[in-house]
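> Kindly generate the corresponding structure for this input.
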Amino acid sequence: MKQFITLPKLKKGDQVAVISPSAGLPGIFPWVYELGIDRLREHFGLKPIEYHTTRQMNSSLEDRAKDILAAFSDPNNKAVFTSIGGFDQIKLIKLLDPKVLLKNPKPFFGFSDNTHLHNYLWSLGIPSYYGGAIMTQFAFQQGMIPQTIESINHALFDIGEYEVICSTEYNDEGLEWADKDNLKNKRMMEPNRGWFWDGKTDVEGVLWGGCVESLIAQFTVGKYLPKDEELENCVLYLETSEEIPDPWVLAYLLYGFGERGWLDKFNAVFVGRPKAWNSDKQKTLQEKIDYTTEQNQIILKTIREYSKTIPVIQNLDFGHTDPQIIVPSGNKARISSSQQKIFFNY
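Numbering: from 1, shown residues only. As a prediction, this is how the structure comes out:
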């Protein structure tokens, strides 16, 4: 099993960096970004500083890479947060200096397109925290969701194993950021259907994975993937973005994993609750259920072609819907199928 360093925990009053490795949306919607920054101070007692490209759309790959390395190399920064995801982060990974990151490891938070940086850190033996972007989880319009706050607190300040609790309700319908008044409005919450659990074994393993669309790019490039043997006894985690991809897209990715021999190596698979609504794809409640059901079925069917018994647990609270639990990539998850319980080690 691949070995990872142990990251130091933060304390109230610590300085943290905020960067935009993918898209500089804080420059377009500063009122959303600043609400998230205020919540970082208010709920967690941290002191954020931002970098040159944090509020800059269409900044160069070179400048964004410099900001990443500067944020990690500053000893005053005790963690690094991303403002938001984006689209092209795969192209800047080649510009990073692994020596800087290895010399200055620290907790890194973000999700979606930040999958690329998470998995680059993973390849260096540096754990990270999948989730918790400033403009989404921190700037959630009706106030941060308590379950999200609790999970971020675990990642920032706590050591040890914590049980993952399934939410009773969730949100995947956003409010337009362009309308400043929406910051005062509440998002619609819907009843959560719970976890979809298939498998009977009790297992554990180191977490690796990310956003499906980003993983497709990584798999195609083939440069920033783990060695086959490093995935032995790991736990795969997957989730899909606001692009709401057709379920066959997930099947193709999983076929690639299976033919590569990876689905023989994983001890379990976690799948985040899929986002099934976006401003340009406004599905009805029944259409959401149908989409989620089809995705669940094709994921399970494809995995079972390669691995008959590993636990496959879907509709977890991570990824592009809220509440959001923070997935400790590079740390261990423990699955008790006999009790249908999941534990993350932070």
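
> what's the longest helix anywhere in the chain in contact with?
Looking across the chain with DSSP state H, the single longest helix is helix 285-304. Helix 285-304 is contacted from outside by 172, 190, 193, 196, 198, 238, 240, 244, 247-248, 250-251, 254-255, 258, 263, 269, 271, 273-274, 276-277, 283, 310, 312, 314-315, using C-beta atoms under 8 Å, 6 or more residues apart in numbering. Where you see a C-beta, it was placed from the backbone N, CA and C, and this is true even at glycine.

> for stretch 179-186, same thing?
Contacts for stretch 179-186 (C-beta under 8 Å, 6+ apart): 31, 32, 35, 139, 141, 142, 175, 176.

> And the second one, what's its pLDDT?
If I follow you right, that is residue 32. Looking at residue 32, its pLDDT reads 98.

> Now do the longest helix of the chain: distance to the chain's middle.
When distances are taken as C-alpha atoms, centre = their mean, to the nearest Å, helix 285-304 is centred 20 Å away from the chain's centroid.

> So which bits of it are buried?
For helix 285-304, a neighbour-count test (16 or more other C-beta atoms under 10 Å) marks 288, 291, 292, 295, 296, 298, 299, 300, 302, 303 as buried.

> ditto for stretch 264-276
Neighbour counts over stretch 264-276 (16+ other C-beta under 10 Å) mark 265, 266, 267, 268, 269, 270, 271, 272, 273, 274, 275, 276 as buried.

> The first one contacts residue 230, correct?
No - with contact defined as C-beta atoms under 8 Å, residue 265 does not reach residue 230; the gap is 9.1 Å.

> What's the mean pLDDT across stretch 305-316?
Averaged across stretch 305-316, pLDDT comes to 98.

> try stretch 282-295
96.

> residue at max distance from the center of the protein?
In the chain, the residue that sits farthest from the middle, by C-alpha atoms, centre = their mean, is residue 181; the gap is 28.1 Å.

> Against residue 31, how distant is that residue?
Distance of residue 181 to residue 31, given as C-beta to C-beta, to the nearest Å: 10 Å.

> got it, and residue 55?
12 Å.

> So between those two, which is more surrounded?
Shown here are residue 55 and residue 31; by other C-beta atoms under 10 Å, residue 55 has more neighbours (19 against 14).

> For that one, give me its contacts.
20, 24, 26, 27, 30, 33.

> Please report phi then psi for it.
phi -110, psi 20 (degrees, to the nearest 10).

> Where does the prediction get shaky in the stretch 201-346 of the chain?
The stretch 201-346 of the chain contains no residues with pLDDT under 70.

> Would you map the helices across it?
212-221, 247-260, 285-304 (DSSP state H, counting those that start in this stretch).

> a markdown table for those helices, including distance to residue 40?
Putting these into a markdown table (distance: least, C-beta to C-beta, whole Å) gives the following:
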| stretch | distance to residue 40 |
| --- | --- |
| helix 212-221 | 24 |
| helix 247-260 | 33 |
| helix 285-304 | 31 |
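
> Out of the ones you listed, which gets nearest to residue 335?
Set against residue 335 and scored by C-beta to C-beta, the helices of the stretch 201-346 of the chain come closest in helix 285-304, at 14.6 Å.

> the inter-axis angle of that closest one versus helix 247-260?
Counting by axes from the mean of the first three to the mean of the last three C-alpha atoms, to 10 degrees, helix 285-304 lies at 10 degrees to helix 247-260.

> Residue for residue, what is the longest strand the protein has?
Criterion DSSP state E: the longest strand present in the chain is strand 203-211.

> mind listing what that strand pairs with, with the direction of each?
As defined by DSSP bridges, the strand partners of strand 203-211 come to strand 235-239 (parallel), strand 332-336 (antiparallel).

> now the ones you listed as CSV including mean neighbour count and distance to residue 115?
As requested, the strands paired with strand 203-211 are arranged in CSV below (neighbours: other C-beta atoms under 10 Å; distance: least, C-beta to C-beta, whole Å):
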stretch, mean neighbour count, distance to residue 115
strand 235-239, 25, 9
strand 332-336, 20, 17
